[in-house]
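> kindly generate the corresponding structure for this input.
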Amino acid sequence: MSVKRLLVVVDMQNDFVDGALGTPEARAVVPAVQELLERERGAGSDVAFTMDTHGADYLSTQEGRLLPVPHCIRGTHGWQVISSLQTGDARIFEKGAFGSVELARFARPYEEIVLCGVCTDICVVSNALLIKAFSPEAHVMVAERACAGVSPDAHEAAIRTMKSCQVDVI
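Residues are numbered from 1 along each chain as shown. Below is the predicted model of the structure:
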């Protein structure tokens, strides 16, 4: 009997890789994310992508006031998933906040859920913990080398947090 498995690619969008909030660390994990995506698809895993999604009013939102850098504005180049990652028939979850309750609900029937992407310390950890809360018996994992934080220290702190919350780091 095969295990029902889901790969979640978190916010691998132009603005987080080489755009408004891009970092060298985010650019460096792109090959690892591509490799993981190919391997999981080849193994028959289902795939979902999250997309940070904001409107033209971003700067007037709480997040915009705290992080006054317009990014991932719906319909812009920065909002799109990076071209080297093919979304194909993946389920897409647009989200205006760090975590997606809709994704966490969607993940309920899966026995194994693997997360990768950016930013480890914001959206990856938020989605991992939401999924764990909605599916406490699921084996939730994060692919560490296919994740990047806003800084190496923030990435490591998020990894420690997820480990303490019973998310396996692989």
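> only C-alpha atoms from now on, for both contacts and neighbour counts.
OK.
> quick one, strands of the protein?
Assigned by DSSP state E, the strands in the chain fall at 5-10, 46-52, 91-95, 112-118, 139-148, 168-169.
> nearest to L66, out of the ones you listed?
strand 46-52 (16.0 Å; CA to CA).
> output the below-cut-off pLDDT ranges for the chain.
1 (pLDDT under 70).
> in it, which spans are helices?
Assigned by DSSP state H, the helices in the chain fall at 14-17, 24-42, 62-66, 101-106, 125-134, 152-164.
> which elements pack onto the longest one?
If I follow you right, that is helix 24-42. Judged by 3 or more CA pairs under 8 Å, 6 or more residues apart in numbering; DSSP states H and E, helix 24-42 is in contact with strand 5-10, helix 14-17, strand 112-118, strand 139-148.
> quick one: contacts of that helix?
7, 9, 16-18, 46-47, 84-85, 116-118, 145-152 (CA atoms under 8 Å, 6 or more residues apart in numbering).
> picking that back up, can I get the helices of the chain in TSV including mean neighbour count?
Shown next, in TSV, are the helices of the chain (neighbours: other CA atoms under 10 Å):
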stretch	mean neighbour count
helix 14-17	24
helix 24-42	17
helix 62-66	12
helix 101-106	16
helix 125-134	21
helix 152-164	16
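> list the contacts for A104?
A104 makes contact with N127, L130, I131, F134, S135, according to CA under 8 Å, 6+ apart.
> can you give me the neighbour number for the closest residue to K163 other than its chain neighbours?
Ranked by CA to CA, 6 or more residues apart in numbering and with sequence neighbours excluded, the top spatial neighbour of K163 is V169, at 6.7 Å. Residue neighbour count, defined by other CA atoms under 10 Å, stands at 16 for V169.
> what bridges to V169?
V142 (DSSP bridges).
> so it touches R160, yeah?
No. Contact between V169 and R160 fails when scored by CA atoms under 8 Å: they sit 9.2 Å apart.
> can you name the residues bridging to the residue nearest to the spatial centre of the chain?
By CA atoms, centre = their mean, the chain has its centre lying nearest to V10, at 1.5 Å. Beta-bridge pairing for V10 (DSSP bridges): T50, G117.
> ok so, going back, can you put the helices and strands packed on helix 24-42 in a markdown table and add distance to I92?
Formatted as a markdown table, the helices and strands packed on helix 24-42 follow (distance: least, CA to CA, whole Å):
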| stretch | distance to I92 |
| --- | --- |
| strand 5-10 | 10 |
| helix 14-17 | 16 |
| strand 112-118 | 14 |
| strand 139-148 | 19 |
